[in-house]
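Trainee: I need the structure of the sequence given here:
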Amino acid sequence: MSFFSLIADLLRNLSQQKLRTFLTIFGIMWGTATVIILLAFGFGLRDHNILQMRGMGDEIVILFQGRTTKAYQGYGVGRPIEFRENDAWLIRDQVRGIGDITPESTRYLDIRYGDKKRSTNLTGIYPVYGHMRNIFPDKGGRWINQPDVDDRRRSVFLGNGLKDLIFGDEEAIGKQVLIGDTPFTVIGVMVPKTQNSSYNQRDEDRAFIPATTFSTMFGTDRINYIIYTPASPVISKQVQADVNDVLSRRHRYDPDDEDAVNFWDTNDFWSFMYYFFLGFNLFLGIIGSFTLAVGGIGVANIMFVVVQERMKEIGIRRSAGAKRRTILAQFFTETFLIIGMGAALGYAIGWVVVQAMQHIPIREYVGTPQFSPEVGLIVFAVLALIGFSAGLLPAWRASRLNIIDCLRN
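Mentor: All right, here's what the predicted structure looks like:
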């Protein structure tokens, strides 16, 4: 039997059960659309949270100064641990597995332009800081570079929010601002980015200057934070232990004193995000699959009816030499054709709904649904499983019918 003959027979048989056929295809269509929409929302929420976290930087570890809680080598409890810039370079030289590393210094000062004034977090940094923290210049400007550091230039890079508060719609690049009483030239403005967390102040409201200029202005090599990335997230815990050992020798505190230096390892969050959304999307997929399974039961039901109504045809074909596997393949094919019709409609409805949701203002809160290849592959796999399960028993029964019993009907 040719494929086109198979389709013609299927449509003829389904037309005899119009209501049942409609309800069966509708069940598959509804289930498919439900799985697509639920997974699209799940993946959209995942991507939204990842984007929010990337505003902090990719896989960075932030070191905070603390106070000792254990006596050690003659030093008492409550001694503050104060970072120096050389601490960062010592870690870089002595700890294997360090990727990038940079010190960071901060101080709140007024920044002025004309009659506009704003208190901001002035941050002294090195050029690698921008790459680590995902801070990029908007068109026409640039980030702080090595000549700025080497020459202690009075160059300042503004967060986009700070720029809007001080300059409004006016062009900022190339203009002079006063930080405290010192003039600085604006060299760039940050490209707006999503950032839902910060350890000091959001980057859009900060001003960045070369670290050497910062230390010259305030006459100190003290820093507030050390930021680094491990060469691989897999070794992050070992690198953290090695960094703590180096700092404990440098500042003479007990390496088991967890409050002397505090670590914020964002790799822990990335790991949590991966497993959380894996479980979350699995849950959504299972909920949607239950709806699809109901449609699969309808397909199995209608295929049992088709087998019953076509017993004489099956008997004639078997007596003419058709093998059991041919009958099995025929009814399996018909099952998948029914599911395919419902799935095609479901895919179309799911895609339309997902595209329509792009225009609803929910991006800031939960992101937007994403009709990604992952969603398509998962739905296809679920449909294949439902089709196999729904078609197995009817096809198996059709292929195992006794020829004599079929011809008697």
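Trainee: Double-check that residue 255 belongs to a helix.
Mentor: No. Looking at residue 255 with DSSP: H, G, I helix; E, B strand; the rest coil, it is coil, so not inside a helix.
Trainee: Spit out the contact partners of it.
Mentor: 244-245, 248 (Cβ atoms under 8 Å, 6 or more residues apart in numbering). In short, each C-beta sits where N, CA and C put it, glycine included.
Trainee: who wins for most neighbours among those residues?
Mentor: residue 244 (21 neighbours; other Cβ atoms under 10 Å).
Trainee: tell me the mean pLDDT for the helix or strand harbouring residue 381?
Mentor: Using DSSP states H and E, residue 381 falls within helix 373-399. For helix 373-399, the mean per-residue pLDDT is 67.
Trainee: Same check on stretch 30-48?
Mentor: The pLDDT scores in stretch 30-48 average 78.
Trainee: Put the alpha carbons of it into CSV.
Mentor: Only the C-alpha atoms of stretch 30-48 are listed here, as CSV (Å, rounded to 0.1, in the frame of the first residue of the first chain):
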residue,chain,number,x,y,z
TRP,A,30,-4.3,21.7,22.9
GLY,A,31,-1.7,19.5,24.6
THR,A,32,1.0,20.5,22.1
ALA,A,33,0.2,24.2,22.4
THR,A,34,0.2,23.9,26.2
VAL,A,35,3.6,22.2,26.4
ILE,A,36,5.1,24.8,24.0
ILE,A,37,3.7,27.8,25.9
LEU,A,38,4.7,26.5,29.3
LEU,A,39,8.2,25.6,28.2
ALA,A,40,8.5,28.9,26.3
PHE,A,41,7.7,30.8,29.5
GLY,A,42,10.1,28.6,31.5
PHE,A,43,13.0,29.2,29.1
GLY,A,44,12.2,32.9,28.9
LEU,A,45,12.3,33.2,32.7
ARG,A,46,15.6,31.3,32.8
ASP,A,47,17.2,33.6,30.1
HIS,A,48,15.8,36.7,31.9
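Trainee: can you give me the offset of it from its chain's centre?
Mentor: Taking the mean of its C-alpha atoms, stretch 30-48 sits 14 Å from the chain's own mean (Cα atoms, centre = their mean, to the nearest Å).
Trainee: What residues sit buried inside stretch 285-294?
Mentor: Neighbour-count burial for stretch 285-294 flags 285, 288-289, 291-293 (criterion: 16 or more other Cβ atoms under 10 Å).
Trainee: Break down the chain into its helices, ranges please.
Mentor: Chain-ordered helices for the chain, with DSSP state H as the definition, fall at 3-15, 18-54, 85-94, 128-132, 146-150, 160-167, 211-218, 236-251, 266-309, 311-319, 324-357, 363-366, 373-399, 403-408.
Trainee: can you pull the contacts of the residue nearest to residue 71 when sequence neighbours are not counted?
Mentor: Nearest non-adjacent residue to residue 71, counting by Cβ to Cβ, 6 or more residues apart in numbering: residue 77, 5.7 Å away. If a contact means Cβ under 8 Å, 6+ apart, then residue 77 has 68-71 as its contacts.
Trainee: how far away is residue 77 from residue 142?
Mentor: Distance, residue 77 to residue 142, using Cβ to Cβ, to the nearest Å: 47 Å.
Trainee: Kindly report the same for residue 228.
Mentor: Distance from residue 228 to residue 142, by Cβ to Cβ: 24 Å.
Trainee: Looking at those two, which one has more neighbours?
Mentor: Shown here are residue 228 and residue 142; by other Cβ under 10 Å, residue 228 has more neighbours (22 against 14).
Trainee: Any regions of the stretch 51-200 of the chain where pLDDT drops low?
Mentor: Applying pLDDT under 70 to the stretch 51-200 of the chain flags the ranges 51-55, 196-197.
Trainee: go with 80
Mentor: Low-confidence segments of the stretch 51-200 of the chain (pLDDT under 80): 51-58, 194-200.
Trainee: Take the contacts of residue 77 and, keeping just the buried ones, write it as a PyMOL select command.
Mentor: Buried members of these, defined by 16+ other Cβ under 10 Å, are picked up in PyMOL with:
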select buried, resi 68
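Trainee: Taking the contacts of residue 77 together, which two end up most distant?
Mentor: Within the contacts of residue 77, 69 and 71 form the most distant pair, 9.2 Å apart (Cβ to Cβ).
Trainee: Export the contacts of residue 77 as TSV, with columns for distance to residue 104.
Mentor: TSV is the format used below for these (distance: Cβ to Cβ, whole Å):
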residue	distance to residue 104
68	22
69	25
70	27
71	30
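Trainee: neighbouring strands for the strand ranked longest in the chain, and are they parallel or not?
Mentor: Secondary structure assigned by DSSP state E gives strand 98-113 as the longest strand of the chain. Paired neighbours of strand 98-113 in the sheet (DSSP bridges): strand 116-125 (antiparallel), strand 176-179 (antiparallel), strand 225-230 (antiparallel).
Trainee: how distant is the shortest one from the center of its chain?
Mentor: Read that as strand 176-179. Distance, centroid of strand 176-179 to centroid of chain: 39 Å (Cα atoms, centre = their mean).
Trainee: just stretch 69-85 next, same as before
Mentor: Remark: stretch 69-85 is offset 40 Å from the chain centroid, using Cα atoms, centre = their mean.
Trainee: Ends of it, what's the gap?
Mentor: One end of stretch 69-85 to the other measures 24 Å (Cα to Cα, to the nearest Å).
Trainee: and residue 245, what does it touch?
Mentor: Residues near residue 245 by Cβ under 8 Å, 6+ apart: residue 255.
Trainee: Please tell me how far residue 232 sits from residue 277.
Mentor: Taking Cβ to Cβ as the measure, residue 232 falls 22 Å from residue 277.
Trainee: I appreciate the help and will end here.
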